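K.L.:
Dropping a prediction and its sequence here:
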Amino acid sequence: MKLRILLCLTLLGCGAAGARAAELTYTVEMPRPETHYFHVTLRMEENRDAAIRLVMPAWTPGSYIIREYAKFVEDFSAQAEGKALPWQKADKHTWVIGAGKARAVEVRYKVYANDLSVRGADLDDEHGYFNGAALFMYAVAQKNRPYRLKLVPHDSWKVATGLEAVAGQTNVFEAPDFDTLVDCPVEISAFERLEFQVQGVPHWMVIHGPAKFDREKMTDAFRRIVETQAAMMRELPYKHYTFLMHLGLPAGGGLEHFNSTSINSSRMSFRQDTDWEAFLDLVSHEYFHHWNVKRIRPAALGPFDYTQENYTRALWISEGITDYYSLLILARAGLITPKKYYKGLTTLIQNYRETPGRLRQSAEASSFDTWIKLYRQTENSVNTEISYYDKGALLGLLLDLEIRRRTGNAKSLDDVMRQLNENYARKGRGFPEEDFQKVAEQMAGGSLAEFFAAYVSGVKELPLEQALETAGLLLAARKPAEKEEDRQKEDSVELGIRTSRSGDRTLISRVIEGLPAWAAGVNAGDELLALDGIRVGDSDYRARLQEYAPGGKVRITVFRDNKLKELEAVLGPPLAKFEITEIEKPDEMQSRIRKDWLGIRP
């Protein structure tokens with residue numbers, strides 16, 4: 001049954017045209033959107049359970065933290081043939097209905113939706129949006145039956161989703177099972193829709209929000225991202241694809257789905273080149289996920305248990321390698337220059353090497369502990385943890401270049417992804433986590449046991465300089481500025497703190513392990529007052545430090561628990577700032593690898 005369902009997903013995408021008549025029907029209404037309430041009705045036909053257990057998901061796939069969507073459910077009721085049915089809650093997210101012999105049961109509830117994030121639900125007087133896990137309960141015994149979704153939009157709003165529309169009916173959609181229903185988010189508003197085609201397959205860009213942008217430029221960029229990734233993977237495994245975008249928000253983010261993605265972005269994303277390129281990097285990342293994680297997935301990631309954590313040690317593959325490809329795809333698509341790619345890669349390496357936790361937590365451990373760590377950062381996380389996004393992206397870089405080196409550029413990480421797609425995704429199954437290494441070794445033509453033991457399971461420092469040299473690139477500390485005016489902008493010493501403002505107070509938000517402030521006993525949470533008796537704040541303490549030289553002492557005055565404290569630190573040299581440059585005279589193989597890797601054509 002599970003294999004059949006997954007094959008159906010792989011072949012048909014979100015929804016299954018021609019599936020048997022749905023026996024579970026959701027109706028979603030929004031009579032007063034300004035109140036933020038979705039009104040939800042679930043009608044279950046041909047019920048055979050005397051006690052129906054309905055479960056509200058506790059999390060949503062792709063966002064690995066328990067979110068407790070049940071806390072937003074209100075006014076739950078159940079009835080059959082117009083008569084109320086008894087019910088009670090069995091636990092925080094389970095409702096048990098005493099259905100008796102009733103064959104047709106109707107459940108009603110409301111969901112408070114005031115979370116305009118890609119992982120939740122939002123409804124106001126301008127639009128409605130929901131991620132299925134935040135809105136839909138499922139009957140435990142009927143999770144794999146077909147579902148039908150009827151939407152009753154407010155006013156003249158339109159509907160956009162990756163679900164298959166039911167022929168001849170307006171705003172009615174179908175899904176072969178609950179997993180598919182949940183995996184197709186919905187936007188309801190007076191949105192704008194742009195369209196382009198790749199290989200004859202329609203791609204829709206659904207846009208809600210006040211951001212100003214060049215429509216022709218955006219459409220062309222999206223098309224080039226899709227074309228480049230499709231050329232790499234040598235297929236487009238869906239009938240249509242939808243980009244659901246909320247533009248003009250204070251912050252951004254994205255969440256992947258089987259034949260769609262939700263993307264939120266700041267209104268500032270389209271003004272400067274760097275912001276535009278960061279936006280495209282997000283789009284490329286989320287789009288690549290429809291292969292890597294939605295189809296090429298660790299076996300633990302589907303079918304899902306929505307009531308608790310679903311553990312895997314392979315998120316460094318699912319998220320990290322996706323992050324590796326997202327920026328690389330922009331270079332291959334000609335949307336950024338090689339130099340801009342080097343700059344983006346340098347920023348990633350800089351952040352990684354300034355994180356002490358990289359030597360404490362492995363990529364596998366970071367993946368496994370995501371439920372309690374990555375999305376729940378503390379002031380000490382920088383010292384004890386590493387993001388599987390960052391380390392996974394760099395592991396992708398190392399694996400790609402190592403395979404190219406060993407095979408004389410005949411094989412690459414691209415081949416690993418294609419082989420995983422062939423062996424598992426097309427067969428509707430997830431891969432055993434150890435098989436990723438096996439496929440990588442197949443492409444490399446030999447064992448990668450030492451690599452995986454040292455860098456994936458272990459915490460040995462990543463050999464980035466050596467790897468980049470394979471592609472004719474030099475990673476090294478940036479030389480000091482030549483001009484005095486430029487040198488004045490560079491740090492002369494390092495104290496090892498990060499600060500934030502709270503009203504008119506400057507708080508020390510992080511103390512980096514092994515650096516001077518940490519050695520001096522400065523704590524995260526201390527309020528920074530002065531350096532050597534001179535008052536400083538969040539905006540000027542770094543400028544004040546410019547007056548010192550490495551080895552110099554500084555007296556740090558702070559408030560801790562409303563007590564005045566003075567601590568003395570011995571300042572260290574500034575942290576190395578890295579840059580990537582092309583080797584002046586690469587050999588033939590280095591040149592060939594670099595050009596093929598970056599997609600540089602004659």
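P.N.:
Cool, got the structure. Residues are numbered from 1 along each chain as shown.

K.L.:
could you say which helix or strand contains residue 443?
P.N.:
Following DSSP states H and E, one finds residue 443 within helix 433-444.

K.L.:
Tell me the spacing between residue 545 and residue 533.
P.N.:
15 Å (C-beta to C-beta, to the nearest Å). For glycine as for every other residue, the C-beta is placed from the backbone atoms N, C-alpha and C.

K.L.:
Next: residue 53.
P.N.:
Using C-beta to C-beta, residue 53 is found at 67 Å from residue 533.

K.L.:
Could you pull out the helices in the stretch 1-150 of the chain for me?
P.N.:
2-12 (DSSP state H, counting those that start in this stretch).

K.L.:
And residue 53 and residue 533? Which one has more around it.
P.N.:
Set side by side, residue 53 and residue 533 show more neighbours around residue 53, with 16 against 9, by other C-beta atoms under 10 Å.

K.L.:
Can you tell me how far the more buried one is from residue 84?
P.N.:
For residue 53, the distance to residue 84 (C-beta to C-beta) stands at 18 Å.

K.L.:
And the lowest mean pLDDT element among the helices and strands of this protein?
P.N.:
Within the chain, judged by mean pLDDT, DSSP states H and E, the helix or strand with the poorest mean is helix 2-12; its value is a mean of 30.

K.L.:
I'd guess residue 558 is in a strand, am I close?
P.N.:
Yes - judged by DSSP: H, G, I helix; E, B strand; the rest coil, residue 558 forms part of a strand.

K.L.:
Touching, it and residue 565? I think so.
P.N.:
Yes - between residue 558 and residue 565 there is a contact under C-beta atoms under 8 Å: 5.4 Å.

K.L.:
Can you check which residues contact both of those two?
P.N.:
Shared contacts of residue 558 and residue 565, defined by C-beta atoms under 8 Å, 6 or more residues apart in numbering, are found at residue 526.

K.L.:
Look at the two and report which has more neighbours.
P.N.:
Neighbour count, other C-beta under 10 Å: between residue 558 and residue 565, residue 558 has more, with 20 against 15.

K.L.:
Could you count how many residues lie near the residue lying closest to the more buried one once chain neighbours are set aside?
P.N.:
Once flanking residues are discounted, residue 558 sits nearest to residue 526: 3.9 Å by C-beta to C-beta, 6 or more residues apart in numbering. A count of nearby residues for residue 526, using other C-beta under 10 Å, gives 24.

K.L.:
mind checking how far residue 526 is from residue 556?
P.N.:
Distance, residue 526 to residue 556, by C-beta to C-beta: 9 Å.

K.L.:
go on, residue 40?
P.N.:
Separation of residue 40 from residue 556 (C-beta to C-beta) stands at 55 Å.

K.L.:
between those two, who's got more neighbours?
P.N.:
Neighbour totals were compared for residue 40 and residue 556, and residue 556 leads with 25 against 20 (other C-beta under 10 Å).

K.L.:
for the more buried one, which residues make a bridge with it?
P.N.:
Legend: beta-bridge partners of residue 556 under DSSP bridges are residue 531, residue 567.

K.L.:
Model confidence for it, exactly?
P.N.:
pLDDT recorded at residue 556 is 97.

K.L.:
That's all I had, so thanks and see you.
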